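A.B. asks: Here is a sequence together with a model predicted from it:
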Amino acid sequence: MTSTAPRQSTGHRQSLRTEILEARPVNLDGFVEEWPEKGLVAMESAFDPAPSVRVAGGQIVELDGKLRDDFDFMDTFIANHAIDVASAEESNAIPSAEIARMLINPSVSRNAVLAVTRGLTPAKVLDVVKLMNVVEIMQGMQKMRARRTPANQGHSTSARDNPIQVAADAAEGALRGFAELETTLGVLRYAPLVAIALQVGGQVGRGGVLTQCALEEATELELGMRGITAYAETISIYGTESVFIDGDDTPWSKAFLAAAYASRGIKMRFTSGTGSEVQMGNAEGKSMLYLEIRCVLMAKGAGVQGLQNGSISCIGVPGAVPGGLRAVAAENLVASMVDLECASGNDQSFSHSAMRRTARAMPQLLPGTDFVCSGYSSVPNADNMFAGSNFDTEDFDDWNTIQRDFQVDGGLRHVREDEILQAREKAARALQAVFAHLDLPPITDDEVVAATYANSSNDYPFRDVLSDLKGAQSVMDRGITGLDLVKGLESSGFHDVAENLLTVLRQRVSGDLLQTSAVLTADFVPLSAINDPNDYAGPGTGYRLEGERWEQLKKLRHVTSSTNPETEVG
Amino acid sequence: MSTRDDGPPGTQLVVGVDIGNSTTEACLAEIGPDGSISYLGTNLTRTTGVKGTPDNTAGALSAIRGALARGGRSAGEVHRVLLNEATPVISGLAMETITETIITESTMIGHNPTTPGGEGLGVGTTRSIGELGEQEPGQPVVCVVPPGWDFDDAAAAINAAVGSGVEVVAAILAGDDAVLVTNRLVRPVPVVDEVAAVEKVPLGMLAAVEVAAPGRTIRTLSNSYGLATVFGLDPAETRQVSPVARALTGNRSAVVVRTPSGDVTDRRIPVGELVLRGAGKTLRVDVDAGAEAIMDAVARAQPLDDAHGEPGTHVGGMLAQVRDTMADVMDSPGQPAVPVSDIAIRDVLAVDTFVPAEVRGGLAGEVALENAVALAAMVRTSRSRMQLVADLVSEGLGAEAAIGGIEGEMAVNGALTTPGVDRPVAVLDLGGGSTDAALLTREGKCTAVHVAGAGELVTKLIDSELALGDREVAEGVKWFPLAKVESFFHIRHEDGTVQFFDEPLPPHVYARVVVLTPEGPAPVPTRHGLDSVRRVRREAKRRVFVVNALRALRQVAPAGNLRALEFVVLLGGSALDFEIPDMIADALAPHGIVCGTGNVLGTEGPRNAVASGLVRAYAAAPVRAGQGPTR
Amino acid sequence: MTTPPATAAQPGRTVSLREIGPARRGTREDEVVVALSPAFAGHFSKTIVDVPHAEVLRQLMAGIEEQGVTARLIRVRDTADLAAISHIGAKLSGSGISVGILSRGTTMIHQKDLARLSNLELFPQSPLLDAAVFRMIGSNAAQYAKGESPQPVPTRNDQMARPRWQAKAALLHLKEFECIEGDRGPVEVEAVFGPGTAG
């Protein structure tokens, strides 16, 4: 039995149309009725608390109907660290409808909204976004997104943890436009080699791409501190105390981890999303969005620059209840409206239906977010070690076409085959040189050729896994750092790649990547809410897809030339 | 180049570098004007490329830099780098399965399921369970149950038939249901299960099913005369079925079906011949004659000039491939291609082994241990490109580099720094691809040989004999002692001793045979018990290292007489093994030889012999100006 | 596995669980405790992919019996947490080995000396568990009880299980929570199989 077996017929005679409808992929998806008492509800629940706040002696003594003595540790953390005590009572007194209107009103500046939202309680935030339909949520996102220029993130993984594949796909992904690249492993011990491959490949594709490797927290931190990765994202937080405790964590332990990254100038964000608490049976009777708002405020209170949310790995839960995707769009907006970077999901296998998959991304793609996908699979989904993404390499041309159709910037572009082949080959060669320099298991010329033309991990010669794992261990044992990668690249003639990587590493000294929504341009200029703030103020303002970038995005694989219709432009 | 003025007047900073097959070692030392040596640091890295080729440069440089870092010196202070003269050695491994067991006409089921049902012997005619109802009462029947039958239903059907007078004496099942069905029978009978291809069991034939009590083995079907009694065979027929009896020996359960020309045969697979040229002779030996015959021929063709295998066989392919690989590494741009005649297979080691293989014609995935021959071969050339490596090292480091001595001689020279060793001394370098021996006589004469087969062959034997299919696990079995995890708080070591733990062991090792790695116990995914894993491991080591130790030492010993050797020093990575040195020492003890693992410089263990030998040779050379010691 | 599943079970087979009395610590070393969740074969009658609980139990118990080991059933009533259910079972098992199972099918093999959150084998993807897998799980648990080293039951994975089953799994989990009786200890039960059964 597989989970994708078609539903069984009832045995009664069915109409031929019903048979066709039954066979549609959308009917392989699962849908359930709401159960608000248990938290199996997206955002409209009678069991969510009513907003309230009271300040006494410089601290919040009542939060959403609970007195300080009754606070759980989430309440305490949010009351102490996330909510601006000075403005809390005043902000919460503003009618929710008025705050909702501020969110979409172009003549109210983003800063004016932030002045209010920094004092709001979780229930008040919920009360506000509950008033907004999905178009209004998108309008809000368009203005509240922290960075003016939208971007996208890619997943670069390999079902065989093959570092050469990861390097080549990272180079192609960077060239296609991903500002961040994320990897993870099947066999965890491979991590050092794959993280090196991602870093080297990424810098070949486009200097300034930021990379990360999702692992258990200690190793992930160590790779970051060594400069083998550039940022971190998979630090999970939850909306109820009981789920936090199940994971042997507290808001304070997560905040401590965040401080460890910040101490080395390393960009990091938390991860959360609707549905995780009810999935674990500990929603404490609250709606998915209410609990997610608690996570957003917890992240804010911990001082991290951003949050990956949009249900993420629990997308099957909000995806199955009424209004679920509206709640998912709302949680992204909430992250942005409290001035956090938002890496907005669209990163997990979501539906059997291509139509639903596309529709799911519209509330993020159309207004633009800091990262429209927090993991577009830049490898075929079969190679995606995050259990598959909502979009993969097969969707590249569709994505580019949709950007062109609507004149929106989803962070990617069409790239000519010859450029892609050149980047893939160079990435594999650069990794070959780095491995040789670091005395790691050699990469053969055959593997380089395979990497140049490959689609999936099946297209590569088998590696000697045993030697690779020994090599990976030696990377850890020998204390190899990002600077060793720079030296290896420089000494083997990849001067430009070495320069790119060194410049990325230097960012951690300036600390610019700790700013909200920071990414690096190809010229290594940090682009963040500080120097590229979202200045949307109605039609004709804010980020507009125009000029050189729009010319880039007009290009597709096949566009008939208007000067000579017998040829294609490209 | 003159002496630098960094150190005390007249002292020279030198680095000995040994480029081996798998590791490159460096030894940093300062040599006083009087030839005295003070050692400053050693280092070990992985060899880059094939030994003796320009690719070695990178590994050599990193070994040198590591030693300098440890010694707190800089490259600019180095007076001279001394490299070993090493010729490229490429080794290859191949295995040929040389026997094949075939069952014809579905005569026999001998797969030994872990849980057969019932006990005893049942002899009757095979009938499908669906047709039991049509059976005449009074005639004994062996019930055959195809896949898809639930155990409750099968038992009910048999009970119903028995109730109506059918004499069911045994059953053969497709699923893993024998105990379940037997437990539900009104009259229990012997039941053999997990017969995947049960539909191929011939129906309407006389068959015997035997199941022994737990912990026992069958007595009747594994005995030729038992079979003769059961089936009423005459002497000629009995002779014919004796292979069946042999194939079933040691099983707890079995089925034998009497068909007109059913048989079990053990066929030899011709895998071509090996042609050995040496000692003025050309000898031909069939690979399927086994290791003993092959090694006899190798001994008669000693010293071997070359060897060829049959094209299209694994051995032929492997010999051709090592030759081609060598030709490739020897080719250099701008130079004429290396003639293949320059490249010769200089040694071959054959080892008898076995490979668990599925039996052709079997009904239940029967596995037979088929005989196989594993062959290791080694190719060398007379052409060395070490001078080029030396030039490149010199360029990369900015210090003079030269060839400082021959590998074998330098190894002995370094081994002599092991406390308690004196001339005449032989070294055995136990590597990955080859086992090397060198002898330094009392008079200072040095001879050296390389023989094929070492650590990698051991790994391969362990991997295939235990059917692991995972070289990493096989390496683990080779390197580390075994234990059985008996509870979360204790393990039993392979010597029988028990060790307790305060913290529970990780769940993935629970109840498993494990290897005790430095990182903790790691499971060995095998059905074999600890004892058989241990036996396979030790046998593999004995057949490769003990055999090769004797072979190599005989080649360097005066007149091949091992008694003429006094000290044998074991070197190389496999000399760090926890049991190989003892196994070799035991084998050499009857010849009155002192044998042990080297301890180079009294500190380095079996490592760094060649590198420190190079330093010693340089220090001892009478003239150190100009080009240094030359040969 | 070379053996195809012997699972031509009649759809008509049913099971009901008869309470015998409070669950006690077993003394036989040759037993495996099968620990059932509060709603198993009670409030619910089949797994998330409609495998009847009767068949799940029959196959688990058959896998144990085929190895010559005895199965003893208990129902845990005060928690619906699989690790807790399995660990309670393991502590009551004479061999220290248990199989814990939730109504939706999620299954775990546990051992009494392990930490509660650990396990010997875990089968988290309930939509991928069919009768043949339950047989193998029973068989492996019995082999652990005998001190043998079974190969872990191969686990399967399916990226598209999320969109189809994630929400239903959450719903079933919540329903099971509803059936918790907080103040009642584990109880020993006997499986009474309905029509279609022999022996």
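C.D. replies: Done, it's in. Source: prediction; values computed, not measured.

A.B. asks: so how far is A:Phe406 from whichever residue of the stretch 301-450 of chain B sits closest to chain C?
C.D. replies: Taking CB to the nearest CB as the measure, the point where the stretch 301-450 of chain B comes nearest chain C is B:Gly365, at 4.8 Å. For glycine as for every other residue, the C-beta is placed from the backbone atoms N, C-alpha and C. Relative to A:Phe406, B:Gly365 is positioned 59 Å away (CB to CB, to the nearest Å).

A.B. asks: on that earlier part again, any idea whether the residue of the stretch 301-450 of chain B closest to chain C is helix, strand or coil?
C.D. replies: With DSSP: H, G, I helix; E, B strand; the rest coil as the basis, B:Gly365 sits in coil.

A.B. asks: you'd agree it is up against B:Gly110?
C.D. replies: No. Using CB atoms under 8 Å, B:Gly365 is not in contact with B:Gly110, being 11.0 Å away.

A.B. asks: List the contacts of stretch B:185-193.
C.D. replies: B:109, B:113, B:115-122, B:155, B:158-159, B:162-163, B:168-178, B:181-182, B:209-211, B:253-255 (CB atoms under 8 Å, 6 or more residues apart in numbering or on different chains).

A.B. asks: Please repeat the previous calculation with a cut-off of 7 Å.
C.D. replies: B:109, B:113, B:116-122, B:155, B:158-159, B:162, B:168-173, B:175-178, B:181-182, B:209-211, B:253, B:255 (CB atoms under 7 Å, 6 or more residues apart in numbering or on different chains).

A.B. asks: For PyMOL, what selects the buried ones among the residues you listed?
C.D. replies: Buried residues within the contacts of stretch B:185-193, by 16 or more other CB atoms under 10 Å in any protein chain shown, are selected in PyMOL with:
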select buried, chain B and resi 109+113+116+117+118+119+121+122+155+158+159+162+168+169+170+171+172+173+175+176+177+178+181+182+209+210+211+253+255
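
A.B. asks: so of the contacts of stretch B:185-193, which ones are in helices?
C.D. replies: Among the contacts of stretch B:185-193, the ones falling in helices (DSSP state H) are B:Ala155, B:Ile158, B:Asn159, B:Val162, B:Ala178, B:Val181, B:Thr182.

A.B. asks: ok and the residue in chain A nearest chain B?
C.D. replies: Counting by CB to the nearest CB, chain A gets nearest chain B through A:Leu466, at 4.2 Å.

A.B. asks: Checking my notes, that residue in a helix, right?
C.D. replies: Yes. The assignment for A:Leu466 is a helix, going by three-state DSSP.

A.B. asks: residues near it, how many?
C.D. replies: 17 (other CB atoms under 10 Å in any protein chain shown).

A.B. asks: ok, for it, nearest residue in space, not its chain neighbours?
C.D. replies: B:Glu472 (4.2 Å; CB to CB, 6 or more residues apart in numbering or on different chains).

A.B. asks: which parts of the helix or strand that neighbour falls within are buried?
C.D. replies: Element membership for B:Glu472 (DSSP states H and E) is helix B:471-479. By neighbour count on 16+ other CB under 10 Å, the buried set for helix B:471-479 is B:Arg471, B:Glu472, B:Val473, B:Ala474, B:Glu475, B:Gly476, B:Val477, B:Lys478, B:Trp479.

A.B. asks: Just the C-alpha atoms of it, please, in CSV.
C.D. replies: Extracted in CSV, the C-alpha atoms of helix B:471-479 (Å, rounded to 0.1, in the frame of the first residue of the first chain):
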residue,chain,number,x,y,z
ARG,B,471,33.5,-2.2,2.7
GLU,B,472,33.3,0.2,5.6
VAL,B,473,31.8,-2.5,7.8
ALA,B,474,34.4,-5.0,6.6
GLU,B,475,37.1,-2.6,7.5
GLY,B,476,35.6,-2.3,10.9
VAL,B,477,35.6,-6.0,11.4
LYS,B,478,39.3,-6.1,10.3
TRP,B,479,40.5,-3.4,12.6
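
A.B. asks: got the angle between whichever helix or strand comes after that helix and helix B:471-479?
C.D. replies: Next in sequence after helix B:471-479, counting helices and strands by DSSP H and E, comes strand B:482-487. Interaxial angle, strand B:482-487 versus helix B:471-479 (axes from the mean of the first three to the mean of the last three CA atoms, to 10 degrees): 100 degrees.

A.B. asks: Sheet-wise, list the partners of strand B:482-487 with their directions.
C.D. replies: strand B:490-493 (antiparallel), strand B:513-517 (antiparallel) (DSSP bridges).

A.B. asks: Now do the longest one, average pLDDT.
C.D. replies: Yep, that's strand B:513-517 we're talking about. Averaged across strand B:513-517, pLDDT comes to 95.

A.B. asks: Quick one: distance of that strand to the chain centre.
C.D. replies: 18 Å (CA atoms, centre = their mean, to the nearest Å).

A.B. asks: Identify all contacting residues around it.
C.D. replies: With CB under 7 Å, 6+ apart as the criterion, strand B:513-517 contacts B:476-477, B:480-485, B:521-524, B:526, B:530, B:533, C:149.

A.B. asks: If you rank those by neighbours, which is first?
C.D. replies: B:Val477 (25 neighbours).

A.B. asks: buried stuff in the helix or strand harbouring B:Met583?
C.D. replies: If you go by DSSP H and E, B:Met583 is part of helix B:580-588. Buried residues in helix B:580-588, counted by 16+ other CB under 10 Å: B:Ile580, B:Pro581, B:Met583, B:Ile584, B:Ala585, B:Ala587, B:Leu588.

A.B. asks: Many thanks, we can stop here.
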